[in-house]
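> what shape does this take:
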Amino acid sequence: MKIFLIYPKDSEALFDKKSLRTFGGASVQMYNIAKELSNYSEINTYSIIPEYNSINFDDFEKFNLLMAYKEDDNAIVKLLKFLKLLLKIKPDVIIQRGLTTESCILSFICWILRIKFVFMFAHDVEANGLRQKDQSRVMLFCLLRKFSYVIVAQNKYQHDTFLHKYNGKSKIIYNGFEIKKIKERNKDKNKKTYILWVARCDEWKQPEIFIQLAKQNPKLQFSMICPKSQDEIFFNKIKSQALTVKNLLFLDFVPYDKINEYFKYSILFVNTSLYEGFPQTFIQATMNGIPIITLYVNPEEFLNVHQCGFCCNGNIELLDEKIKELINNRKKYGIFSKNAFKYALENHDISVTVKNLLNLLS
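Numbering: from 1, shown residues only. Below you'll find the predicted structure:
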């Protein structure tokens, strides 16, 4: 079987250690899937990326990279170059994540060429036919719904939304990571020192709330990984605010192969977003045994069901209280930490994710 994995445009930093460009969760998931598929000798997996200036990353031998077009090519040129590659290699399956107009057109092309097109929602708003970046409507969404071989949802909310709004059928496959062994996770447990926040600097992720939490708790240590988004004015505002807080470490970029170190040494993970899909950061936190405290986001109420964190339903004062509660109650923290790792191991191991995906294709 030949499989094409099409990466989002913001994937450079996954394939070049020197790149400082922001990357998103959709890119990370495609990377994880491709790496796991390399273990299947009967499958030829091709990672479709733009012509980046430099390729330098640790897992190079596990990837078959095809640089299909230049980043500054216009949409028509990109399509023509991709079609040329498509007709040359003739894949059986194309997998793409994140809703764009190109996704819709590609689903139709694949239907004509009898290629199985697998589309994966990257965010909750996409189940409504909206773009993640600005929530504008994708006018050709009807093509995607009609001609995709299968549409994959990250969570039950996306599945149900797509079903109720469009009577559309989707399959739920949870995002996956290489889940570490418990011994490795616990090796440096006494070095966990800070409360962590990780997200792009978008207004709807509300980074200013985390900065305020740090100000209110000067005896606690906070760390914030906040890469730039398209709104540079907002980013500069947030960065300026963060740098005035003595107990807050602000980082505007961390390479993909280093980011787990920041999770490994954190004691709690905080999310202040208004909405999300199923954030990659939730999996990275739970696989390191880190309880999660969120302001709004709680996909399928997993924090309650698995007792690995708290959702504060928009109450910022409660967010502050729950942080103090888990830090001061060692017994409760220990229970939540063990539950978090157990949840990640049972639900987000990449080997299971890929097996479920391959079952759909068969």
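> give me the neighbour count for the nearest residue to residue 353 once chain neighbours are set aside.
With Cβ to Cβ, 6 or more residues apart in numbering as the criterion, residue 353 has its nearest non-adjacent residue at 3.1 Å, and that residue is residue 176. Yep, even glycine has a C-beta here, placed from its N, CA and C like the rest. Residue 176 has 24 neighbours, counted by other Cβ atoms under 10 Å.
> pretty sure residue 176 sits against residue 34.
No - the criterion here is Cβ atoms under 8 Å, and residue 176 misses it with residue 34 at 11.8 Å.
> and the strands in this protein, which stretches?
With DSSP state E as the criterion, the chain has strands at 2-6, 44-49, 65-67, 93-97, 116-120, 150-153, 171-172, 194-198, 221-225, 248-251, 266-271, 292-294, 309-311.
> so which residues of the stretch 1-150 of the chain form helices?
Along the stretch 1-150 of the chain, counting by DSSP state H, counting those that start in this stretch, helices occupy 12-15, 25-37, 75-89, 101-113, 141-147.
> any idea of the mean pLDDT for the third one?
The predicted model gives helix 75-89 an average pLDDT of 92.
> likewise the last one?
Helix 141-147 shows an average pLDDT of 97 in the prediction.
> helices or strands up against that helix?
Under the contact definition 3 or more Cβ pairs under 8 Å, 6 or more residues apart in numbering; DSSP states H and E, helix 141-147 sits against helix 101-113.
> which strands and helices lie in contact with the helix it packs on?
Using 3+ Cβ pairs under 8 Å, 6+ apart: helix 101-113 touches helix 75-89, strand 93-97, strand 116-120, helix 141-147.
> what residues sit buried inside it?
For helix 101-113, a neighbour-count test (16 or more other Cβ atoms under 10 Å) marks 102-111 as buried.
> ok, now stretch 323-340?
Across stretch 323-340, burial judged by 16+ other Cβ under 10 Å covers 323, 326, 333, 336-340.
> neighbours of the nearest residue to residue 287 once chain neighbours are set aside, how many?
Excluding the flanking residues, the one nearest residue 287 by Cβ to Cβ, 6+ apart is residue 344, at 4.1 Å. For residue 344, the neighbour count with other Cβ under 10 Å is 26.
> need the contact list for residue 344.
For residue 344, the contact set (Cβ atoms under 8 Å, 6 or more residues apart in numbering) comprises 177, 179, 283, 286-287.
> what's the burial count for residue 253?
For residue 253, using other Cβ under 10 Å, the count is 15.
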